[in-house]
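J.: Quick one: sequence and predicted model below, then my questions.
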Amino acid sequence: MNTLAVLATLGVAVSTVLLVVRSGAERSRRPPASPDATLHDLYEVAFLNGGPARVADTALTALHADGRLAVGGPGIVAVQRSQANDPVERAVFQELAAAPNGALHVLREAVMRHPAVQEVGDGLAARGLLVAPHRLRPLRRWAVLQGVACLVALPLSLVLTFVQYAMDDSAPFAVPFLVKMLPAILIGGLTGLIVAGSSASRITQPGRDAVLAFRTAHTHISTPAHLVATMGPSTLLDPVFRDQLMAAARLSAPRRRPSGGVGGATATGTGGRHWARPRTGGRSAWTRKRRPRSPPAYGSW
């Protein structure tokens, strides 16, 4: 038991040190914030607040608010006036025209993966306001794995302590196996959870500052698109469209792939890494998505 305790403690110690070093190295490699740290439009605000899903919600809200799009009872979208004022709105009309039906949740997912939306994340990352997801994903997996392993090791150590006393006549005078392992379990588990928590957010401190500055400078604006971009669809005053948009978000909930692990998306994807982070309570599962039509500079979000 002594040998096992020493080896296990050594393993946890090495993993913990390497995890902390990797976390510090990842932070040091982040590009410094660009002098142009201000947010240029609502889509950048939306992306920092909620990823590609919030960008899609913002564009859909803007189009619905001025009557260019109409959403019927079961969540079917129809074009009333095909006028796009920016690339994201053009993406909405393009995806709606290519969709097999006008279902709002299908359109929302397609817009999330559109290059016009993905490029918003690339621009934010290039200015140091956001971290590309593929850089944080391995670190977070490592941290979660270590935290879970230490959590599992606690009851396992208790079982081995009973085995120790049952098999060794001199065990009553020996240090319990659980006591030997407890420092490594606590330190390793807490370190894993802390690093996993710190790597969950991709927004950098300059990005948070930029969002706060935007909100402060535009507190007088209360258009539907502005409310969605800054605070989410739940703040919409139109109860019918609010319920339709939130129902579309629920229907777009991430589904864990049956095999093969993560589908290579930041918020979703196949093949490439997508910014399309699922917006459902922080779950880490990814949805299967199509390959982007043109590869963004920083991979797919």
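T.: The structure has been received and is ready for your questions. Because the structure is a prediction, the values reported are computed rather than measured.

J.: For the stretch 1-150 of the chain, just list every one of the strands.
T.: 69-71, 77-79 (DSSP state E, counting those that start in this stretch).

J.: Other residues contacting the last one?
T.: Contacts of strand 77-79 with the rest of the structure, by CB atoms under 8 Å, 6 or more residues apart in numbering, involve 68-72, 93, 96, 102-104, 107. For glycine as for every other residue, the C-beta is placed from the backbone atoms N, C-alpha and C.

J.: low-scoring stretches of the stretch 51-200 of the chain, by residue?
T.: 169-173 (pLDDT under 70).

J.: just the helices in it please.
T.: Ranges of helices in the stretch 51-200 of the chain, per DSSP state H, counting those that start in this stretch, are 87-98, 104-113, 115-126, 133-167, 177-198.

J.: how about those, which one is nearest residue 248?
T.: Ranking the helices of the stretch 51-200 of the chain by proximity to residue 248 (CB to CB) places helix 104-113 first, at 3.9 Å.

J.: so what's residue 204 up against?
T.: Contacts of residue 204 (CB under 8 Å, 6+ apart): 30, 33, 128-131.

J.: Now do the phi/psi pair for it.
T.: phi -80, psi 170 (degrees, to the nearest 10).

J.: What about residue 238, how many residues nearby?
T.: By other CB atoms under 10 Å, 13 other residues sit near residue 238.

J.: Can you tell me, leaving aside adjacent residues, what's nearest to it?
T.: residue 224 (7.0 Å; CB to CB, 6 or more residues apart in numbering).

J.: That neighbour contacts residue 231, correct?
T.: No: with contact defined as CB atoms under 8 Å, residue 224 does not reach residue 231; the gap is 11.1 Å.

J.: Comparing these two, which shows the higher neighbour count?
T.: residue 224 (20 against 14).

J.: picking that back up, quick check: of the contacts of residue 204, which lies closest to residue 240?
T.: Among those, and counting by CB to CB, the member closest to residue 240 is residue 130, at 33.1 Å.

J.: Can you spell out which residues form a bridge with that closest one?
T.: Per DSSP bridges, the residues bridged to residue 130 are residue 203.

J.: Likewise for residue 77?
T.: residue 71.

J.: want to throw the helices of the stretch 51-200 of the chain into a markdown table with mean neighbour count and distance to residue 4?
T.: Below are the helices of the stretch 51-200 of the chain laid out as a markdown table (neighbours: other CB atoms under 10 Å; distance: least, CB to CB, whole Å):
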| stretch | mean neighbour count | distance to residue 4 |
| --- | --- | --- |
| helix 87-98 | 18 | 57 |
| helix 104-113 | 24 | 48 |
| helix 115-126 | 23 | 45 |
| helix 133-167 | 17 | 8 |
| helix 177-198 | 18 | 8 |
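
J.: Identify whichever of the ones you listed lies nearest to residue 42.
T.: Nearest of the helices of the stretch 51-200 of the chain (CB to CB): helix 87-98, 9.4 Å.

J.: what helix or strand does residue 201 sit in?
T.: If you go by DSSP states H and E, residue 201 is not part of any helix or strand.

J.: could you measure it against residue 239, distance?
T.: Residue 201 is 31 Å from residue 239, where distance means CB to CB, to the nearest Å.

J.: Ok, residue 103 next?
T.: 20 Å.

J.: neighbour count winner among those two?
T.: Comparing residue 103 with residue 239 by neighbour count (other CB under 10 Å), the higher total belongs to residue 103, at 16 against 8.

J.: Contact partners for the more buried one?
T.: With CB under 8 Å, 6+ apart, residue 103 has these contacts: 75-77.

J.: Name only those of the residues you listed that count as buried.
T.: 75, 77 (16 or more other CB atoms under 10 Å).

J.: and the contacts of residue 103 as a markdown table, adding distance to residue 206?
T.: Shown next, in a markdown table, are the contacts of residue 103 (distance: CB to CB, whole Å):
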| residue | distance to residue 206 |
| --- | --- |
| 75 | 38 |
| 76 | 41 |
| 77 | 36 |
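
J.: Please identify the most buried of the strands of the stretch 1-150 of the chain.
T.: strand 69-71 (a mean of 20; mean count of other CB atoms under 10 Å).

J.: now for that strand, which elements pack on it?
T.: helix 42-65, strand 77-79 (3 or more CB pairs under 8 Å, 6 or more residues apart in numbering; DSSP states H and E).
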